[in-house]
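In: coordinates only, sequence not included:
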């Protein structure tokens, strides 16, 4: 694991160095949740780029309470001597972007839509803050969860969401990586605001896939690996915090995107019907043949507007 961690770090540094050399004046916006994955990207981007802006999403709550993600992002920004761009949304503002996510994300499944909603509001905030005439590049910590099979189902109001197949860790990782073929929750959504997205962990995929089943069974696998990759660049308080998904919120404040959708009746069936309507699919059950086993299986493109 130690050798793989060093190779991942070397690969990430090499890639970011090339990007920084190619775009020396770029504004590097880093989507920062305060978790290990996004923090790792933030500290490395800061090592290579001169103009770095961390961006934090949060839902506005009664009494002005903020999520744990926001608190950690604020602390990180201070420690890294960076100005945090805060992308705050009310629930009404968030749902104004739902159709955009369904169109550009090309997915109706709840996890990917909820993630896409977070990304859409981050994109809108970045678009409003970017300096005119300067190249903006968005960096995310996406893909590390798939590479390390670091997902768990979530509970809300007695129901289970984001279910996973019952597979060995290595087989689950393969399934999650395969599923990346069928979602544009980041690239497509940010592209709606003409923002290019970089997912640095993708360049180290070969190294991540070398990690075997025994390692993937370890409860603290991500912490151990990230300590080897980022070493003292990532503060201890990030390593010690519990994992919290932006879609879910956290116990002391509640009210994540998942809860907001469920409370408004925007469940999986609703999302499927709305997706079908937006993409001119007469029968929503036809979508069963569109995505199968994590990959696009069949689609009938519209002839309207096609160029030959």
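Out: Ah, there it is. Everything quoted here is computed from the prediction, not taken from an experiment.
In: what's the local residue count around residue 216?
Out: Other residues lying near residue 216 total 18 when counted by other Cβ atoms under 10 Å. (Glycine included, C-beta is placed from N, CA and C.)
In: just checking, it touches residue 167?
Out: No. Applying Cβ atoms under 8 Å, one finds residue 216 not in contact with residue 167, separated by 10.9 Å.
In: which residue ranges of the stretch 1-150 of the chain form helices?
Out: 2-22, 36-48, 68-79, 91-95, 98-104, 110-129, 144-147 (DSSP state H, counting those that start in this stretch).
In: tell me the buried residues in the fifth one?
Out: Applying a neighbour-count criterion of 16 or more other Cβ atoms under 10 Å, the buried positions in helix 98-104 are 98, 100-102, 104.
In: and those residues as CSV, adding distance to residue 91 and pLDDT?
Out: Shown next, in CSV, are the buried residues of helix 98-104 (distance: Cβ to Cβ, whole Å; pLDDT from 0 to 100):
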residue, distance to residue 91, pLDDT
98, 11, 97
100, 16, 97
101, 15, 97
102, 17, 96
104, 21, 95
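In: circling back: so which of the helices of the stretch 1-150 of the chain gets nearest residue 279?
Out: helix 98-104 (7.5 Å; Cβ to Cβ).
In: helices or strands up against that closest one?
Out: helix 110-129, helix 187-191, helix 268-278 (3 or more Cβ pairs under 8 Å, 6 or more residues apart in numbering; DSSP states H and E).
In: which residues touch it?
Out: 108, 113, 116-117, 119-120, 184-185, 188-189, 191-192, 266, 271, 274-275, 278-279 (Cβ atoms under 8 Å, 6 or more residues apart in numbering).
In: how about a cut-off of 10 Å?
Out: 94-95, 97, 107-108, 112-121, 123-124, 184-185, 187-193, 261, 266, 271-272, 274-279 (Cβ atoms under 10 Å, 6 or more residues apart in numbering).
In: can you flag the buried ones in those?
Out: 94-95, 97, 107-108, 112-121, 123-124, 184-185, 187-190, 192-193, 261, 266, 271-272, 274-276.
In: phi first, then psi, for residue 159.
Out: phi -110, psi 160 (degrees, to the nearest 10).
In: wait, it sits on residue 110?
Out: No. Checked against Cβ atoms under 10 Å, the pair residue 159 and residue 110 is beyond contact range at 11.1 Å.
In: which one is residue 86 nearest to, not counting chain neighbours?
Out: residue 56 (5.6 Å; Cβ to Cβ, 6 or more residues apart in numbering).
In: from residue 67, how far out is the one you found?
Out: Residue 56 sits 9 Å away from residue 67, going by Cβ to Cβ, to the nearest Å.
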